[in-house]
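*Asks:* Got a predicted structure plus its sequence, pasted below:
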Amino acid sequence: MFKNKTESGRNNLCGEQIYKIRKNAVPKMSQRILAEKLQLMGIDVDKNAIQRIESGQRFLTDIELKAIAEALGVTIIALYGE
């Protein structure tokens, strides 16, 4: 049987780390500001999508992951907490 979720039932591995990085950004970055940055990069997400990503309710594509890392000014590896 295929497993598309983490053992804790989350749909992604990096949502919690995205939340931490976003909150620790100087100045702090809201979900809305992150969504706006991604929209300017051509990624179709809104504030609600960011909330679902951070809470683990939404899957992420590799394209979205790369854009989020760029918008937050970190590496993709940093989004995995390593």
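*Replies:* Yep, it's here. Predicted model only: the values in this text are computed from it and were never measured. Residues are numbered from 1 along each chain as shown.
*Asks:* From now on I want contacts and neighbour counts done on CA atoms only, so please keep to that.
*Replies:* Fine.
*Asks:* Burial check on Lys47, number of neighbours?
*Replies:* 15 (other Cα atoms under 10 Å).
*Asks:* Stretch 47-56: which residues count as buried?
*Replies:* Across stretch 47-56, burial judged by 16 or more other Cα atoms under 10 Å covers 49-51, 53-56.
*Asks:* export these to a markdown table and tack on distance to Ile21?
*Replies:* Shown next, in a markdown table, are the buried residues of stretch 47-56 (distance: Cα to Cα, whole Å):
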| residue | distance to Ile21 |
| --- | --- |
| Ala49 | 17 |
| Ile50 | 13 |
| Gln51 | 14 |
| Ile53 | 13 |
| Glu54 | 11 |
| Ser55 | 14 |
| Gly56 | 15 |
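*Asks:* out of those residues, who's nearest Ala78?
*Replies:* For those, the closest approach to Ala78 (Cα to Cα) belongs to Glu54, at 14.6 Å.
*Asks:* Could you tell me which ranges of the protein sit under the pLDDT cut-off?
*Replies:* Along the chain, segments meeting pLDDT under 70 span 1-2, 82.
*Asks:* re earlier: restricted to helices, list the buried residues of stretch 47-56.
*Replies:* 49-51, 53-55 (DSSP state H).
*Asks:* Between those residues, which sits nearest Arg32?
*Replies:* The closest of these, once distances to Arg32 are taken by Cα to Cα, is Ile50, at 8.1 Å.
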